[in-house]
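1. just a sequence and a predicted model for now, questions to come.
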Amino acid sequence: MKKTVAVALSGGLDSAVAAALLKKKNYRVIGLHFRTGYEFGPGDLDPSMPLSRVNSWAHRVSEQIGIPLEVLDCSEAFEREVVRYFVDAYRSGQTPNPCVVCNQRIKFGLILERARALGASTLATGHYARICREANGQFWLLKGVDRAKDQSYFLYRLTQQQLNHAMFPLGIYTKKQAREMARTLDLTSFKERESQELCFVRHPTYKDFLSKRTEFHSRPGLIVNTRGDIQGQHQGLHAYTVGQRKGIGIPGPTPYYVIRLDKEQNRLVIGAKSELAATECRVTHINWIETVPPEKQILAQTRIRYRHRGAESVLTPLDPHTATVRFSKAQYAITPGQAAVFYQGERVLGGGWIS
């Protein structure tokens, strides 16, 4: 009997190629396209038009591949779990990572649940990552072979149960190979170009998006240097992130960088690049992919943002979900709210939020 696999068709080329690969490998494949409620921009006169375009793309791809399709309305859950988290993080003076939350709670939460209800044992996505199962039945999340596209960083919050029902068909391929397969199969993407931006921010910038939210209120405040000297005024801390250089608007003999967002006093702290350097941070709400969290210090490479190469570090557990990370060399722009993900070679140990 064929194994049934559901594929989350997001609108991009990668998920379409993943579905085609699974069909070619003789799986019974079901396409699941989910609506977030943000498929159209604020300037669209007729919001139904972009939605119909997305739906027609999903149906066209499913017909090309020869698989059934179900369209799910996840707009309420997406608003509750992802968008509100995004807004609340900025409101608290942190820099969020909504893709991590979406993978955990929407794709491998709500979508996986629906896939299981339809008889699928597994949910596949177009992520560039891999899964390995040990002889004892434990699962490991591994980097994708394409280091430039590796997306394991965004998947670190998946649990053993979620990994048991997850599949990443593109993890053993490069992005170039995926594009070639798409060309051979004549598959297209709904998205006009591969975007590095957030899928729900259809405004020019995330700052414009936040300004339209009724529950979000920006407050002007002072810009100060690390000595506390007043340098100017900001229009809202949400417009800045640690390590930012452009857009501060304060002239100086050398470029200023955002050093810290002081939420308590509503102050933007700026300084020289050297003042961004730090050798230690605390990470909270850690998800350890191994079932038993470590009880003593371990060595790991820690990535403090997606494009960070990872740095040698010592992790010291403070409790099962909190650890201190000490880097062997100073790191720049360690940003509260971003994910710190721990690796040993190819393997993802887990990760959490920089506090």
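-> Arrived safely, thanks for sending. Because the structure is predicted, anything quoted here is derived from the model rather than measured.

2. could I get the full set of helices for the stretch 1-150 of the chain?
-> Counting by DSSP state H, counting those that start in this stretch, one finds helices in the stretch 1-150 of the chain at the ranges 13-24, 48-65, 75-78, 84-91, 98-102, 112-117.

3. most packed of those helices?
-> Ranked by mean neighbour count, the helices of the stretch 1-150 of the chain are led by helix 13-24 with a mean of 24 (mean count of other Cβ atoms under 10 Å). Bear in mind the C-beta positions are built from the backbone N, C-alpha and C, glycine included.

4. need the helices of the stretch 1-150 of the chain in CSV with mean pLDDT, can you?
-> Converted to CSV, these look like this (pLDDT from 0 to 100):
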stretch, mean pLDDT
helix 13-24, 95
helix 48-65, 72
helix 75-78, 97
helix 84-91, 96
helix 98-102, 97
helix 112-117, 98
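
5. could you dump those to JSON lines with distance to residue 275?
-> JSON lines is the format used below for the helices of the stretch 1-150 of the chain (distance: least, Cβ to Cβ, whole Å):
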{"stretch": "helix 13-24", "distance to residue 275": "39"}
{"stretch": "helix 48-65", "distance to residue 275": "44"}
{"stretch": "helix 75-78", "distance to residue 275": "38"}
{"stretch": "helix 84-91", "distance to residue 275": "23"}
{"stretch": "helix 98-102", "distance to residue 275": "28"}
{"stretch": "helix 112-117", "distance to residue 275": "44"}
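
6. out of those helices, flag the one nearest residue 30.
-> Nearest to residue 30 among the helices of the stretch 1-150 of the chain is helix 112-117 (7.2 Å), distances taken as Cβ to Cβ.

7. can you tell me how far the nearest residue to residue 22 once chain neighbours are set aside sits from residue 179?
-> Closest residue in space to residue 22, ignoring its immediate chain neighbours: residue 29 at 5.0 Å, by Cβ to Cβ, 6 or more residues apart in numbering. Applying Cβ to Cβ, to the nearest Å, the value for residue 29 to residue 179 is 21 Å.

8. cool, residue 73 as well?
-> For residue 73, the distance to residue 179 - Cβ to Cβ - is 31 Å.

9. follow-up on the earlier one: more neighbours, residue 29 and residue 179?
-> Neighbours were counted for residue 29 and for residue 179 using other Cβ atoms under 10 Å; residue 29 has more, 26 against 16.

10. I'd say that one and residue 65 touch.
-> Yes: assessed by Cβ atoms under 8 Å, residue 29 is found in contact with residue 65 at 7.2 Å.

11. show me which helix or strand of the chain is least confident by mean pLDDT.
-> The weakest-scoring helix or strand in the chain, judged by mean pLDDT, DSSP states H and E, is helix 48-65 (a mean of 72).

12. mind checking how far the residue positioned nearest the centre of the chain is from residue 316?
-> Centroid-nearest residue in the chain, with Cα atoms, centre = their mean: residue 99, separated by 2.7 Å. As judged by Cβ to Cβ, residue 99 and residue 316 stand 28 Å apart.

13. check residue 174 too.
-> 37 Å.

14. how about residue 295?
-> 11 Å.

15. next one: residue 214
-> According to Cβ to Cβ, residue 214 and residue 316 sit 42 Å apart.

16. those two: which is more packed in?
-> Neighbour totals were compared for residue 214 and residue 316, and residue 316 leads with 16 against 5 (other Cβ under 10 Å).

17. any stretches of the chain with poor pLDDT?
-> For the chain, the stretches with pLDDT under 70 are 1, 40-55, 189-197.

18. confirm residue 233 sits in a strand?
-> Yes: per DSSP: H, G, I helix; E, B strand; the rest coil, residue 233 lies within a strand segment.

19. I'd say it and residue 219 touch.
-> No: if you go by Cβ under 8 Å, residue 233 and residue 219 don't touch, sitting 11.0 Å apart.
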